[in-house]
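A.B. asks: Predicted model and sequence follow; I will ask about them next.
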Amino acid sequence: MDPFWTSVLGVVSVPLTTLFGFLVTFLIQRIKLNSMGIKGANLESIKLIAAVSVQSAQQKFRAGMVKDKKMSAMETAKKLCEKQGLKISDDLLSELIESGVWDEINSPKATGNPSPMPLTVLDPVISTTENTAIQVLG
């Protein structure tokens, strides 16, 4: 093989491998969700239920009502999903609850860090270097 193409292949293979891994993971997740009939609004509802269940479990734990926050969140989420008529596997619900915990722990309020998005958009600074140069020469 030509040395040029060998070097191009060497440079391109790492990002392509990463992209391929991401696509395979994404497709597996979509296949799981589609096989369970979870799409669009239902998935968003389940994510919201998981987030609410995490917050509920945290409050119950602080009040001394429960000892195992994960089990409490799982039970609450299952009850809420059943009331909404949403069917979800325990494994996927567990993953969504873990995601909710991660979001809760890393929220700007919990970390004390500001939100990554600025609250206001600043006007761009316009340089006057060109005008100054014209005035000096003129």
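C.D. replies: Everything's here; your move. Numbers count the residues shown, from 1 in each chain.
A.B. asks: which sections of the chain are below the confidence cut-off?
C.D. replies: 1, 33-40, 107-138 (pLDDT under 70).
A.B. asks: Name all residues that make contact with Q29.
C.D. replies: For Q29, the contact set (CB atoms under 8 Å, 6 or more residues apart in numbering) is empty. Where C-beta positions appear, they are placed from N, C-alpha and C, glycine not excepted.
A.B. asks: L48 versus that one, what's the distance?
C.D. replies: Separation of Q29 from L48 (CB to CB, to the nearest Å): 18 Å.
A.B. asks: What of A73?
C.D. replies: 13 Å.
A.B. asks: More neighbours: which of these two?
C.D. replies: Between A73 and L48, counted using other CB atoms under 10 Å, the more crowded position is A73 (30 against 13).
A.B. asks: Which helix or strand contains that one?
C.D. replies: helix 69-84 (DSSP states H and E).
A.B. asks: Which elements pack onto that helix?
C.D. replies: Here helix 69-84 touches helix 40-62, helix 90-105, going by 3 or more CB pairs under 8 Å, 6 or more residues apart in numbering; DSSP states H and E.
A.B. asks: how about these in a markdown table, adding distance to P3?
C.D. replies: Converted to a markdown table, the helices and strands packed on helix 69-84 look like this (distance: least, CB to CB, whole Å):
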| stretch | distance to P3 |
| --- | --- |
| helix 40-62 | 48 |
| helix 90-105 | 46 |
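A.B. asks: Pick the most buried one from those helices.
C.D. replies: helix 40-62 (a mean of 17; mean count of other CB atoms under 10 Å).
A.B. asks: packing partners for it?
C.D. replies: Contact analysis of helix 40-62 by 3+ CB pairs under 8 Å, 6+ apart lists helix 69-84, helix 90-105 as its packing neighbours.
A.B. asks: Switch those over to JSON lines; also include distance to Q59.
C.D. replies: Below are the helices and strands packed on helix 40-62 laid out as JSON lines (distance: least, CB to CB, whole Å):
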{"stretch": "helix 69-84", "distance to Q59": "10"}
{"stretch": "helix 90-105", "distance to Q59": "12"}
